Each structure stands twice: as structure tokens, then as C-alpha cells.
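Enquirer: Based on what follows, work out the 3D shape:
(2 chains)
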Amino acid sequence: MTPARKLLLQKILAHSLLIAFIVIILSPFAMVVAASFRKGNFAPSKIFLTPQELSLEHWKFVLGIPYQEVVNPATGETRTIQAGSPPLGWFWNSIKVSAAATIGIILLSGTAAYAFSRIRFKFRRRILTGLLILQMFPAVLMLVAYHTILDDIGQTARWIGLNTHPGLILVYLGGISTNIWMIKGYFDTIPASMEESARIDGASHFQAFLRVLLPMSLPIFAVVFILSFIFFMTEYPIASVVLTNTDTYTLAVGANSFLGEQEKLWGRFAALAVLSGVPITVVFLLCQKFVIGGLVSGGVKE
Amino acid sequence: MTFSRVLVALIALPALYISFLLYQTGNPWFALLLLIATAVGFFVYGSKSAYAYRYLFPGLFGFGLFVIFPLLYTVYISFTKYSSQHLLSIDRCVAALLDERFTSGTGTFSYTLYRQDGGEYILLLRDKKDPNHALVSSPFVLKPNLTAEKPLPLEPLPPGQQPPGKPLGFEQVMRERLFMQMRGFRASLPDQTLLSLETLQDFTAHERLWILNKDGTLTNRKDRTVIRPDFKRGFFVNDKGDQIGPGFRTMTGWDNYLQILTDPRIQVPFLRIFIWNVAFAGLSVLGSFAVGLLLSVVLDWKELHFRKVYRLLLILPYAVPGILSILILKGMFNQEFGIVNAILRGIFGVAPEWETNPWGARIMILIVNIWLGYPYMMLVCTGMLQSIPQAIFEASAIEGGTPSTNLFKITLPLILPAMVPLLIGSFSYAFNNFVVIYLLTGGGPTMVGAGIAGETDILVSYTFRLAFRDTGQNYGLASAIATVIFLIVATLAWVNLRANRAHFKI
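Expert: Predicted coordinates:
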């Protein structure tokens, strides 16, 4: 076999393997898109639908638009169906909670990371190591404690207790330690000389932080923002324990509620998954360069 | 200066007010916590010497409240008996016992309703044994569901007097259906004895069944038995050792930990779960790493076309929210209706039991988790491949190196040292990957003869179900296991940190 033919053969092999792999990987997503437009509730199993199978009922339900459903095929009797609390609202809930929690996380971890990176103080290393190790306690197993704490706080201030978004945001704000590490790592790569010259020119610590260091660190904040936002958008265990009222559901809790033990509403689930999954996916792909750089340099994956 | 004073007031006043509210509503610990936090906050922002903590305080405060405090609380629970059977604190347990009533038969009263001009009623009760002993209520509105209301207090009526209004005869009470509304109606004597309508015409006294003694024991007024709290068992017990009433939370020391070590119903599944947990985390990481590395090496081949398109499509599973992917794949692996088995049946004539067979379920979980995890490994490996000088591969080509020698003799040894911390990080993440297990199989299928444990349970999912699902809701035991898991994972993290001092550069 000539080297040229061998190379060609290798290329064909590589292409076909990659294509086969990609088909396997991507077909579930195509099936979900199809399932969201398919009449009735079928688990994702088909990519191409016949015109008779097409229906917008699941999309109408998810968007909160009323639609007619045939109750009795013999008589043609119909009834109107409209979501009591539209699943679109869950998406909106998730955006609100995630945005608030992410902004909070950035404020808390950004300032803390500055102190860890720039100021030498007692217990600095201990606190930093302690943060990382304590965060290893699985959050799922603190749910008993979270439940009790929010329940107690809710006795005094109901707006911040169980089944409220502020309560959930508060719990989310605890998860800052990996972010502190990531931001601190980035701060460490920026030479302190710039801020020192600003200090010599009469700026305070805080001004040096705000005017000099922050503008230079925007990329890492973008990374933390995107990662935290997406993480909170799809966080399930904590949200499922804190939120019990369908009106307050977030996306993950709501999506899972369609797939109960008794009844699996695959069509509605698929429509909600496409509706919410597409924007998140697009944002992630647009920002992937940032995100990947941050992941590799931070060495920590959420 | 005035500005900072206003700021201090703006923060201090609400903080004081909220801690006062917390104290009033029976949360003294939260009130204290808030006061301390406010005080520390003022010290940090007022003192020059605590300068660094100005930046740390908000973050550490949040971390303390929602990581350290729940963590300590969980450790505390692990030393208590706290489950669905032992849900109440001992005070609430005593209160529940003191609420129990019994029909003492000490008093039976006939009743008469007096209708007032405004449509309200006055209730007159007359002791059947002693007609001179009469009691009267203040005017009240008769409406359905009076059960939920507070008992109506009764005052003694001096002998010979009549309450105001028009008395209604028994027939009229029945005819106007007033009786229906009287059911469940409660009145209380001046000594707090409760009265309620027992028959059509009579009110009977219900007295407290238990009296609280000074030494914390309770005496039964019916049969004069005494019960005392057994802090070991978490129940009130009588002299014969029978449990009475609801259980209460109690400190048990190391009992929950001993149970993990000695109770075969916990110990056997615990060991098996631990082994599967390690295997699950290890194989997930190795599998994703292998797939990711292979893909990144293929995509690193400069002569291949469409590499960018391939790369974008291959990281798609990473960009799609994990919870949606998991639920989608769960539907596809459904062993009766799922597409995976439909295809396997069509091509190979087999239909693996992904849900009922332990090995089927384990393999499905690994496939899904590798599916979710390989893009991250691919991205990381791609980054690291850039740092390998091309000259090495050129030299290898001259020596006649094949792609596989390149992979195993050059690429892998060169990137592995840098990959180790990431692999360990991924391992500890996978070790506690609750969502995948919980949503895919819920831990099932059931492990035979091991209580609620399932064949695919990992420690976290097992503990979660121990605490929140199924019967029992054993918070104490669940917290003990949580603490053990934490110790395992924290040790892992600490070793990782030690081993990679250079990488982490504190």
C-alpha cells in the first residue's frame, strides 16, 4: 500500500468514526425536538414525523396558550386545556433566581478573592484551604439543615423562608468557594505593580481594586458568571426541597415534575426542554472560549 | 463622617429589629447569630487592623451561614436520635401529651341556647347532678366549623339568675338545625376543663389525661401510672417499659456511627454501596477521559478536514443542561418502550434490562455519565495537546511510529502529570454525583435483603433516600453517613491539595 493510499484510508476511517459518534451523540437531541411537536405523549424515539403526527399542543401548553383537546373521539367532544401555572413561568423563575444568585456570588467571591490575592493577613492560607475542603461536604446531605434553617427563618420573615425564591437564592449564595479559588487564581496572574502605582498616586485600596484590577479581570468574571448562571439554571436537589409550590418551581424542578412515576408527559417535557435548553446551549457555545480557558486554569469543575 | 454614621444606623436598626423579631418568635440562636454577625461586621468595617476582612466579611458570612452552619448542624444531628418516629423536641412532646384528654365523667351538663336580639347566642350549662351549679358564656355567633375556634370560656352563673335573651327548646334547636353547628363545639370551665357535646342533649367534661410533675415525669389521671422520659430510647415509658406517646429527639452519642459499623442491615449494603461508589466514580472518570482523549487526538490531526465543525458538535452534550440530558436519556433507556432497546432488538435481537437487572442499570449509568463527561475531558486534553512540541511527533514518524505508539508512548505520558489534579477533581465530583443516580434509576433495582438500599445507589443517594424518602426518614443515621462521606471526600481533597501544592499555588 502506498503511503498516500494509507493516509486516505486513515482519513476515511477517522471521518466515518467521528460522524458515527456524532450521530449517536446528537440523535437524542433531535428526537426531543421531534417529540415536542409530536401528538400525544411519546418518549423521544423518532427524528422524522409524518404530517398526521404533527401538533403544537405541547408548545401551547408550555407557553400558557389555551388549546382544544379531543376527549371523546367518537363524538368529537373537546375540552379546553390551559396550564394553571405556565411552564414558561418556571423558565422565568429560573432566570430570576439564577441572575440574582450569580450577581450575589460574583460580589461575594470577587471581593474575597481580592483579599486572598493581594492582602497578606493572618490565617490566609488556612481559610483558603478550609473553604475548599468544607465545600466538599455534599450539599445534598445538608438538605435537612437547609430545610430546618429556612423553615425557622420563615417563621419570622415569610418572604425569605421555605418555598420562596429569596430563600433559595440565600442557600445558593453559600457556594462561593470554588469561585473564590478561580478568581483568586486569575488575580494572581495579574502583576500587582499596576495597583501599587495607583496607590502611590493616592488611590485607596478599594479604588485600586475597583478601577485597576476589576477592569483587567473581566474575562474571569465572565467565566464565573456563565458557569454559575448555567449551574443555578439547572440545579435540582436543593430547589426540589426548598420549592414545593408549582408557581415557584424552577426549570429543573418543573421539568422533572412532568416525568412522574405514574404519568410521563414526554411531549410537554420535550417542549419545555427545547424552549429552555436552546438559549442556555447557545449562550454556552458563544462563550465557550472564555469558559474553557477558565476551567483549565482554575482546575476545578462545577 | 455624617454619611458613615447614617450608614451605620441604616444597617444597625434593621439588624436589631430583625434579631428582636427572631428572638420573639422563638429562634434565640438565630437572633444571637445575627447580633454577633452585625457586631463583627461593625468591628471589621470600623477597625483599621481588620482591613483585609472588609473584603472577606460578606463572603465568609454567607459561607458561614449556608455551608459551615448547616454542616455543623448536620454533624450535631448525627449524634441524635432524629427520625419520623422521633420528630419532636421533648418540650413539644410533653405539650402533645398534655393536650390529650379523657372523658372523666365528673360532670355531665344539659344545655340551653338563649337567642339574643342581634342574632347571637348565649350558652347556659346546668350540672345534671347539681342544678344549682350553672355556667354561662358570653354572646357568640353560631356558625359551622366551630371546632377550629378557641374553646368558649364559661363563667359561673349565680343561683336564681337567668341569662338575657329568649331560651330555645330542644325541638327548636333540632328544627333550626342549630344542633349540626353545635357539634364539635368546645367550651371551657374556669379550671380549664374542656367540655364538648357528647350526646344530643348533654355536654361532657374532658380533662387532661396527664399531669406534669416537678421532676419531669407525667402522671396519668385515669389509672395513676407514672411515665418518665427515657433519654436513651427517646420515648416516655411507664414502669413496665412500654412506650407511651410520640417519640422525641434525644442525644445518643455514637449510636448512629456504631450502627453503621455493626448493624448488618446497614453494614452489608454500606460496604457494597461504597465499592460500587468507588467503581462508579473511577470508571466514569476513566471512561470520559479515554473517550475525550481519543477524540481530542483525532481532532488534533492537522490534515483532517472539518475539525472545527466536529469539535463544536462534539461538545454539544456539555452545553446542554445536564438535568435535561439525563431525563432524555432515561426515556431512551426505558427497557420496554425505549428507543435503545428498540434498535438493539431490531439489529441484535437482544433487549438488555436497563432497569430491573443490577448490571444493566450500572452499565446504563456509566454510559450516561461518560456521555455527559467526555466533552470536558476532550476540551481539557485539546488544550494540553497544544503544549506538546510537534517535533516529537515528526521524530516519531521518521522512526516509523504508528498512531498508537504516539498515543501511548508520547501523548499520554506527557499530559498525564498535568491531568492528575483534574482527574482527582473529577473523581471527587463524580463520587457525589447525586443527580445522575437519583434521576436515572433512583438507586434501583432494590438490593435484596438490605432495607431500602438499591443496587445502583451511591453513598449520597442512599443517604438522601434514608433521610427524605421511603418510610423511616432516619435523619440521625443519614447525617452520620453524611459525616462519614464528608470525611472521606475531605481527606481526598486534602491529599489532592497536598500533592499539588505547586499547581494550586496558595
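
Enquirer: Would you mark the buried spots in stretch B:76-94?
Expert: By neighbour count on 16 or more other CB atoms under 10 Å in any protein chain shown, the buried set for stretch B:76-94 is B:77-83, B:85-86, B:88, B:90, B:93-94. Yep, even glycine has a C-beta here, placed from its N, CA and C like the rest.

Enquirer: how about those, which pair is most distant?
Expert: Maximum pairwise distance among the buried residues of stretch B:76-94 (CB to CB): 25.0 Å, between B:Ser78 and B:Val94.

Enquirer: ok so, going back, looking at the buried residues of stretch B:76-94, which are in helices?
Expert: Among the buried residues of stretch B:76-94, DSSP state H puts B:Ile77, B:Ser78, B:Ile90, B:Cys93, B:Val94 in helices.

Enquirer: Which positions in the stretch 351-500 of chain B make contact with chain A?
Expert: Taking CB under 8 Å from any CB of the partner chain as the criterion, the stretch 351-500 of chain B approaches chain A at residues B:371, B:376, B:379-380, B:383, B:403, B:421-422, B:425-426, B:428-429, B:432, B:434-435, B:438-439, B:460, B:463-464, B:467-468, B:475, B:478-479, B:481-482, B:485-486, B:489-490, B:492-494, B:497.

Enquirer: residue boundaries of the strands in the stretch 51-200 of chain A?
Expert: Assigned by DSSP state E, counting those that start in this stretch, the stretch 51-200 of chain A shows strands spanning A:67-72, A:77-81.

Enquirer: could you dump those strands to a markdown table with mean pLDDT?
Expert: Formatted as a markdown table, the strands of the stretch 51-200 of chain A follow (pLDDT from 0 to 100):
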| stretch | mean pLDDT |
| --- | --- |
| strand A:67-72 | 79 |
| strand A:77-81 | 79 |
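
Enquirer: Output the ones you listed as CSV; include the columns distance to A:Leu168.
Expert: CSV is the format used below for the strands of the stretch 51-200 of chain A (distance: least, CB to CB, whole Å):
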stretch, distance to A:Leu168
strand A:67-72, 32
strand A:77-81, 29
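
Enquirer: ok so, going back, now the ones in helices among the buried residues of stretch B:76-94 as CSV including distance to B:Gln161 and pLDDT?
Expert: Output for these, formatted as CSV (distance: CB to CB, whole Å; pLDDT from 0 to 100):
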residue, distance to B:Gln161, pLDDT
B:Ile77, 59, 86
B:Ser78, 64, 89
B:Ile90, 47, 81
B:Cys93, 44, 83
B:Val94, 41, 84
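
Enquirer: Need those in CSV (columns: distance to chain A).
Expert: Shown next, in CSV, are these (distance: CB to the nearest CB, whole Å):
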residue, distance to chain A
B:Ile77, 6
B:Ser78, 10
B:Ile90, 17
B:Cys93, 17
B:Val94, 21
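
Enquirer: residue of the stretch 151-300 of chain B with the smallest distance to chain A?
Expert: B:Val298 (5.5 Å; CB to the nearest CB).

Enquirer: I'd say that residue and B:Leu304 touch.
Expert: Yes: using CB atoms under 8 Å, B:Val298 is in contact with B:Leu304, at 7.2 Å.

Enquirer: for the stretch 401-506 of chain B, which spans come out with low pLDDT?
Expert: Within the stretch 401-506 of chain B, the stretches with pLDDT under 70 are B:469-472, B:500-506.

Enquirer: Identify the residue of it closest to chain A, quick one.
Expert: With CB to the nearest CB as the measure, B:Ala482 is the residue of the stretch 401-506 of chain B nearest to chain A, at 3.6 Å.
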